[in-house]
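J.: give me the fold of what follows.
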Amino acid sequence: GRQLAEGASAQLAVGSLSHRPYLGRTTLPPDMAYLMAMQARVLHGSLVLDPFCGTGSILMSCAALGADTCGMEIDPRVLHGRVDGQNGISLNFDEA
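T.: Numbering: from 1, shown residues only. Okay, here's the model as predicted:
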């Protein structure tokens with residue numbers, strides 16, 4: 001037979017919650033974030049703005065698809081959360 005498509009399992013593993021050092025109360029699971037990115041037709045080179053980024057689930061999925069991302073968050077508890085003395089949100093992107 002011939003291969004018609006390639007699955008998204010590799011993309012889903014990128015933002016696995018079990019591998020992310022910093023999680024918030026409303027952290028979006030990576031499979032939902034990936035589906036949202038696909039519905040928005042995010043491609044390599046797309047520019048994605050998430051005005052309510054939280055811990056960055058959507059941004060991580062879009063970045064894994066090759067998009068340039070920018071996010072904002074108003075809640076200082078999310079922005080200044082710490083893991084072992086380091087900024088938690090930055091650690092999530094370092095993991096990806």
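J.: use CA for all of it now, contacts and neighbours both
T.: Will do.
J.: number of nearby residues for the closest residue to residue 66 other than its chain neighbours?
T.: Spatial nearest neighbour of residue 66, chain neighbours left out: residue 44 (4.0 Å); criterion: Cα to Cα, 6 or more residues apart in numbering. Neighbour count for residue 44, taken as other Cα atoms under 10 Å: 12.
J.: can you tell me the SS state at residue 44?
T.: Using DSSP: H, G, I helix; E, B strand; the rest coil, the structure places residue 44 in coil.
J.: pretty sure it contacts residue 65?
T.: Yes: under the contact definition of Cα atoms under 8 Å, residue 44 touches residue 65, with a separation of 5.9 Å.
J.: thought residue 43 was touching residue 64?
T.: No: assessed by Cα under 8 Å, residue 43 is found out of contact with residue 64, at 9.7 Å.
J.: now the strands for this structure?
T.: Counting by DSSP state E, the chain has strands at residues 47-50, 68-71, 82-83, 86-87.
J.: those helices in this structure, which residues are they?
T.: Using DSSP state H, the helices of the chain run over 9-14, 30-39, 57-64, 76-79, 88-95.
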